[in-house]
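Trainee: Next comes the sequence, and after it the predicted model I'd like to discuss.
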Amino acid sequence: MKGKITGMLIAAGVILAAGAAADSNGAADSSAAGELPPFASLAGRPSGGSSDPALDSGARVYGIYCARCHGNEGGGDGFNAYNLSSNFGVSPVAFSDSLTWRDLDVEGARAAIKRGGTAVGKSRYMPPWEYTLSPLEVEDVLLYIRSMPSLFPE
Amino acid sequence: MNRGAGRITVGVTGALLAGGAMLFPGVAAHAADGAAEKANGGPFAVPEMVVNDTLGIRDRCTSCHTGIRDPGMAGRGQPAAAHPGGFLVDHRVERFGCTPCHGGDGTATSADRAHGAVGGGKPMAVGRRVEMACARCHADALHLDGAPFLSLGRRSIDRYGCVGCHRIGGFAWREGKAPDLNGFASRSNAEWVYTWLGDPKVYAENARMPRYEIDDKARDALTGYLMTFTEESPFDTTAFPAEGDFDNGKRLFRLSFCISCHTVDGKGADEAIDLGRVGNKWNRASLLRMISDTRSLAPDSPMPQYTFTNAQVADLAAYMMDELYDPYFADPEEDSTLANLGNSWPSEEERVDAGRRLFKELRCANCHSFPGGEEWIRVGPDLREMTGDLLVSLGRNEGIDFPWSLEEYVWRKVNDPRGMEPAEYRYKMPSYDLDERTALGISMAVLAQMIDDEPTAAFLVHDREMDPLELEGEFGELVSRYRCTSCHSFSGVGHNTTYDLGMEGSRVQRKWLRDYLQMPYTIRPILTIRMPFFNITDEQAEVLADGIMRTRRDVLVEGEGDFRQSPARIAAGKRLFDESGCLACHQMGSKGGYVGPSFTAGSPVGRKLTPGWIVRWLDDPAAIKPEVPEPRYGFTLEQRRSIASYLMSIR
């Protein structure tokens, strides 16, 4: 019995190492089983372009709920952005601009996504999403918008 | 990258799983071994195991993948990372474990074995491949959230009519759905059909018909044969004015929102064939007939039967024959083959005979009806029965040595149907010239239905409503005439490209509905798909409005409207409306966003919606319309009543 559980721990170490290796490659590919490259490599979403499921999920959430204001590629230029700037003088943040992330930290962004612009002293025209998205989806979309400077460099 | 390392040694007790076990009989968490070990002073890691006897699951995966349910572990390295997306909400780990979707060996006690890298177990599915497992339970859904490729593949199989030749799991077995060729020669012309047969995509980018690689002479023969399909009693056009008004036709074409389904030169909703060159394909008489008596040419088509006057039909035809005509397409003056059609054959008789044989050989009748139509014979293999072994023996029978796995074979075959076998077999499957995503989707959908380890019947989810909507009487006839279900569903039955009408009678006011049917205006400016102007008569509008008001009610929604729209509530509602930033997406007067409907344009919201529906909608928009971009605000009942009172006061 004891031997079995020690085995488990070693196994866990193996996976950890594997996980770390996959991470440093930037993508967990399926080369072990993967005789068919397109299945593993083709991007799930046109905007995502990754094979990381968390990033894919973030791209999906972003595409449904955020893109119309923040822009398909995070340029702050969704089709609804003009209405916000011309009527209310606010512009959706441009996530693909790396300068954005100098002023905006992850905690602040998370709070704004969950409880809306007013929760962080910003505009009420940034809606709250905590009752719409699951906590995981919030993290996925956060990961996605943080990756936008590298996904969509200017 | 070792952020998760500490978590592994923290014991996971069975408590979490025991909770699941109570909810789902047959699911038990076996933590007993671990507990005993702990009592003996063993190491801390208690292996966790999900057991579901009905599905035959024994998964230890969560022993190492400790963070899958923990939002704090989103995007972390494996094995501690949270599971992405919302999948685990509907597919609780406590019930389903991991292997039904991801494969691998759930009982294994080493990572390599669990992941199927060693030990001869099923290899674990990662990346796109996971989607194929969805099909195990979701046997026939055309769309599944979170499975974009499988969904695309299933929709494409439906669109291209693969079932015309193959039997495919999850799809009804029937003839492919292509236009009826009876009377074809009286509608079209030889130049067009010869060009079309060469490559349908040259005529229309979104053509569904595949490309048959036949030589020019064969193509000429088929053309000759098709041009013998003349109409016995041609369509009588004398009831229509000889000349139509181009400008009015143009206006009607726009108002009718033909491009809610069709494309024109690639622009539009891409549900139906491009009309950019329809004037090259059809003559005026057939356009008049198609628009005025749609069902006589397309009995089963999703296209609505509009209610135009004969003069309006003539105007539309005048516009289409002129504007949707390309003088350089299939032009005999440009292309000498077209000028010499038929000349490569010694006699017309031989040409037509050869065409008839080809028509049979290529199995055109598997999708098209034609004069003297013969029995429909399925020619392609039954894809439900394909296996790697079968592929090998198939190859052996035909003297071919396929060097590919089943997966790779399917992927190649879908991409290049004719490049796979020796020349003598190649005529069998035509080329679809698919883009990479669609080809991948179809391959995945085909492979998915070949997976032989089926779930127990109890877990099969039938998402596709096979029964057509049955609505009684005059109302039912009109719903069918206008093909409402090509775009709307009624409580889930029908296509839903826009709004489900299941509670429409409780959602809107009768007068608004009646007026809107006759003169629809743009509710959501950003959509390509628009409610067309059908020229619905007064009488028809009354019948439709009555029918919806009579049959599409929801007492619970109406009950929610049972409150007083007091001045105090109206004032509170206005405050909430302003503070919540509703104007970011909705317009009020000249101010606001473009995402949701305007509250003033077209019709003021207080004359359109019902208070009960607003209260219900604001509770959880996505519960009514999945993936609607409107956030759920978490308003209290009183807040929702206030907002509803305010909106109802805008009249």
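Mentor: Received, thanks. Numbering: from 1, shown residues only, chains lettered A, B, ... in the order given.

Trainee: going forward, measure contacts between C-alpha atoms and count neighbours the same way
Mentor: Will do.

Trainee: Might you list the low-confidence residue ranges for chain A?
Mentor: In the predicted model, chain A carries pLDDT under 70 at residues A:1-51.

Trainee: And the strands in it, which stretches?
Mentor: For chain A, no strands turn up when DSSP state E is the criterion.

Trainee: got the domain boundaries for it?
Mentor: A:1-30, A:34-146 (automatic domain parsing).

Trainee: List phi and psi for the closest residue to chain A within the stretch 351-500 of chain B.
Mentor: Evaluated by C-alpha to the nearest C-alpha, the stretch 351-500 of chain B has residue B:408 as its residue closest to chain A, separated by 6.4 Å. Note on residue B:408: backbone dihedrals following degrees, to the nearest 10 are phi -70, psi -40.

Trainee: Please name the residues that touch the residue positioned nearest the centre of chain B.
Mentor: For chain B, the residue nearest the mean C-alpha position is residue B:155 (5.0 Å; C-alpha atoms, centre = their mean). Residues near residue B:155 by C-alpha atoms under 8 Å, 6 or more residues apart in numbering or on different chains: B:142-143.

Trainee: separation between it and residue B:261?
Mentor: Separation of residue B:155 from residue B:261 (C-alpha to C-alpha, to the nearest Å) stands at 16 Å.

Trainee: now do residue B:482
Mentor: On the measure of C-alpha to C-alpha, residue B:482 and residue B:261 end up 14 Å apart.

Trainee: now swap in residue B:599 and tell me
Mentor: 27 Å.

Trainee: Report the contact partners of residue A:70.
Mentor: A:76-78, A:81, A:92-95.

Trainee: cool, and residue A:78?
Mentor: A:67-72.

Trainee: Of those residues, which is the nearest to chain B?
Mentor: residue A:68 (7.7 Å).

Trainee: Was I right to think that closest one contacts residue A:81?
Mentor: Yes - the criterion here is C-alpha atoms under 8 Å, and residue A:68 meets it with residue A:81 at 7.4 Å.

Trainee: hey, where'd the helices end up in the stretch 151-300 of chain B?
Mentor: For the stretch 151-300 of chain B, helices defined by DSSP state H, counting those that start in this stretch occupy the ranges B:184-187, B:190-198, B:200-203, B:216-226, B:246-255, B:278-281, B:284-292, B:294-297.

Trainee: That should have said the stretch 501-650 of chain B, apologies.
Mentor: B:504-507, B:510-518, B:538-551, B:555-559, B:567-579, B:611-619, B:621-624, B:637-648.

Trainee: Against which helices or strands is the longest one packed?
Mentor: The one in question is helix B:538-551. If contacts are counted by 3 or more C-alpha pairs under 8 Å, 6 or more residues apart in numbering or on different chains; DSSP states H and E, helix B:538-551 sits against helix B:473-481, helix B:504-507, helix B:510-518.

Trainee: Next, format those helices as CSV and append mean pLDDT.
Mentor: Below are those laid out as CSV (pLDDT from 0 to 100):
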stretch, mean pLDDT
helix B:473-481, 91
helix B:504-507, 94
helix B:510-518, 93
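
Trainee: how about JSON lines for those helices, with mean neighbour count added?
Mentor: Converted to JSON lines, the helices and strands packed on helix B:538-551 look like this (neighbours: other C-alpha atoms under 10 Å in any protein chain shown):
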{"stretch": "helix B:473-481", "mean neighbour count": "16"}
{"stretch": "helix B:504-507", "mean neighbour count": "24"}
{"stretch": "helix B:510-518", "mean neighbour count": "18"}
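
Trainee: In JSON lines, list the ones you listed along with distance to residue A:121.
Mentor: As requested, these are exported to JSON lines (distance: least, C-alpha to C-alpha, whole Å):
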{"stretch": "helix B:473-481", "distance to residue A:121": "51"}
{"stretch": "helix B:504-507", "distance to residue A:121": "36"}
{"stretch": "helix B:510-518", "distance to residue A:121": "41"}
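
Trainee: Tell me where chain A has helices.
Mentor: A:2-25, A:37-41, A:53-61, A:67-70, A:81-88, A:100-103, A:106-115, A:135-151 (DSSP state H).

Trainee: Show me what the fifth one is packed up against.
Mentor: By that I understand helix A:81-88. Partner elements for helix A:81-88 (3+ C-alpha pairs under 8 Å, 6+ apart): helix A:67-70, strand B:591-592.

Trainee: out of the contacts of residue A:70, who's nearest chain B?
Mentor: Closest to chain B, out of all of these and judged by C-alpha to the nearest C-alpha, is residue A:81, at 8.2 Å.

Trainee: since we're on that closest one, how many residues are nearby?
Mentor: Neighbours of residue A:81 under the rule other C-alpha atoms under 10 Å in any protein chain shown: 24.

Trainee: Repeat that for residue B:361.
Mentor: Counted with other C-alpha under 10 Å, the neighbours of residue B:361 add up to 12.

Trainee: For it, give me its contacts.
Mentor: Neighbouring residues of residue B:361 by C-alpha under 8 Å, 6+ apart: there are none.

Trainee: How about the residues of the stretch 451-600 of chain B by chain A?
Mentor: B:579-585, B:591-595 (C-alpha under 8 Å from any C-alpha of the partner chain).
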